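Chemist: need coordinates for the following:
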Amino acid sequence: TDSFNATLYRLPIKAGKSAGPAVAVPLTGDWVQVPGTFNANGIASAPGGELVVINTATGVLYAVDPETGEAAAIAADTPLTSGDGILVRGLEVAVVRNFVNEVVVLQLSPDLSSATTSDVLTDPDFDVPTTLAGFGGTLYAVNARFGLADPATAEYDIVRVDGS
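Modeler: Reported below is the predicted structural model:
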């Protein structure tokens, strides 16, 4: 994703190897770009081959055609502002809300038109988590710890998300 421009980059791969330079794919359709701030951020592949992308500024989740960039808003029942990293497992999507220090877990409809919250996960060890990964049935979030006085000497950690 390009957080400051309404663009995704597709990397051509053939036989598991790079098959050329990155291809810019403009985001179109329902996509709303807010100038001067983070927009397209977390991205993951959905079961049907579509991409799921979160817009950090607007809090809108999108289903995106990876070939054309056509974006369709996914109607979510909760605000997803400050959305950052996402993880899609089947029809479940987990969205990290970085400065809110939470992970919202939603169930996607099969056509990716809507998403219903199934859980909101918090942890006292969250310190601006920005991305997450799954291992087995457990989620792990990476703390970015934005705003530290001296990030070069800070310690960073990965948090096993309780309740996942």
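
Chemist: now residue 60. Nearest residue, chain neighbours left out?
Modeler: The shortest distance from residue 60 to any residue that is not its chain neighbour, by C-beta to C-beta, 6 or more residues apart in numbering, is 5.4 Å, and that residue is residue 73. Using the backbone N, CA and C atoms, a C-beta is placed for each residue, glycine as well.

Chemist: does the one you found touch residue 61 like I think?
Modeler: Yes - contact criterion C-beta atoms under 8 Å: residue 73 and residue 61 qualify, at 7.5 Å.

Chemist: who's more crowded, these two?
Modeler: Shown here are residue 73 and residue 61; by other C-beta atoms under 10 Å, residue 61 has more neighbours (25 against 17).

Chemist: so who does that one touch?
Modeler: Contact criterion C-beta atoms under 8 Å, 6 or more residues apart in numbering gives 52-55, 73-74, 76, 80, 83, 93, 95, 106, 115 as the residues in contact with residue 61.

Chemist: try it again with 6 Å
Modeler: 54, 74, 76, 80 (C-beta atoms under 6 Å, 6 or more residues apart in numbering).

Chemist: same question, residue 51
Modeler: Neighbour list for residue 51: 43, 64, 66 [criterion: C-beta under 6 Å, 6+ apart].

Chemist: may I ask you to confirm that the first one is in contact with residue 1?
Modeler: It stands for residue 43. Yes - using C-beta atoms under 6 Å as the test, residue 43 is close enough to residue 1 to be in contact (5.2 Å).

Chemist: my read is residue 99 is in a strand, agree?
Modeler: No - counting by DSSP: H, G, I helix; E, B strand; the rest coil, residue 99 is not part of a strand but helix.

Chemist: and it, how far is that from residue 74?
Modeler: Distance, residue 99 to residue 74, by C-beta to C-beta, to the nearest Å: 22 Å.

Chemist: find the nearest non-adjacent residue to the spatially most central residue of the chain, please.
Modeler: Among the residues of the chain, residue 42 comes closest to the average C-alpha position under C-alpha atoms, centre = their mean, at 2.4 Å. The spatially closest residue to residue 42, leaving aside those adjacent along the chain, is residue 86, at 3.6 Å (C-beta to C-beta, 6+ apart).
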